[in-house]
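Engineer: Here's a sequence, model it:
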Amino acid sequence: KSAAGADAEVFLYSEERVLPYYRPRLPALAFGQAAENEISMHPRSWYDDNRISLFLSTRVDEISSGSPSVVAGGRRNDFDVLVIATGTVPAIPQFASAAPGAVVPLWNIDNAREAGRRLKKGMKLAILGGGIIGIECALRAALGPR
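Structural biologist: Numbering: from 1, shown residues only. Here you go, the predicted model:
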């Protein structure tokens with residue numbers, strides 16, 4: 001059975017202040033090839049239409065197992081099932097501390113904006129990481145801004 005088919009009540013918490021987005025599209029934003037609204041998963045109305053209570057800029061402060069609930073932003077919401085899908089944060093290698101002004105992680109919208117401010121035509125760019133974000137960065141750097 002799907003939760004939606006069972007008339008579920010869904011709460012989605014995100015510490016980010018922007019609508020959920022496709023993280024692999026961050027390089028397109030950083031390299032000026034997409035706007036923020038173009039990497040969003042859905043418009044705000046979609047969450048309302050699908051009965052998903054979306055809490056942006058909201059950190060989960062407590063998870064209680066006694067009476068299963070989440071406390072976030074001063075509000076308590078009970079749950080029957082908790083799905084934790086937090087992802088991770090970028091790993092900045094220790095040696096990168098030698099060039100702090102030259103290192104930009106690319107993991108969220110704010111990182112993409114910062115990278116976009118720093119990237120200039122003709123500069124040399126080193127990309128550390130061959131995962132989907134790293135490969136997308138290399139491709140987007142080769143293509144240049146739109």
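Engineer: Check the spacing between the residue most central in space within the chain and A102 real quick.
Structural biologist: The centre of the chain sits closest to N108, judged by CA atoms, centre = their mean, with a distance of 4.7 Å. In this view, N108 and A102 are 19 Å apart by CB to CB, to the nearest Å. For glycine as for every other residue, the C-beta is placed from the backbone atoms N, C-alpha and C.
Engineer: Over to P20?
Structural biologist: Relative to A102, and taking CB to CB, P20 is found at 30 Å.
Engineer: same check, this time on I63
Structural biologist: For I63 relative to A102 (CB to CB), the value is 38 Å.
Engineer: for the lengthiest helix in the chain, packing partners?
Structural biologist: For the chain, the helix that runs over the most residues, judged by DSSP state H, is helix 132-143. On a contact count with 3 or more CB pairs under 8 Å, 6 or more residues apart in numbering; DSSP states H and E, helix 132-143 meets helix 26-30.
Engineer: Tell me the first helix or strand C-terminal of the helix it packs on.
Structural biologist: Moving toward the C-terminus from helix 26-30, the next helix or strand (DSSP states H and E) is helix 36-39.
Engineer: Averaged pLDDT, that next one. What do you get?
Structural biologist: For helix 36-39, mean pLDDT rounds to 94.
Engineer: Name the surrounding residues that touch it.
Structural biologist: Outside helix 36-39, the residues that touch it by CB atoms under 8 Å, 6 or more residues apart in numbering are V18, Y21, Y22, R25, L26, A28, L29, I109.
Engineer: Cool, thanks, talk later.
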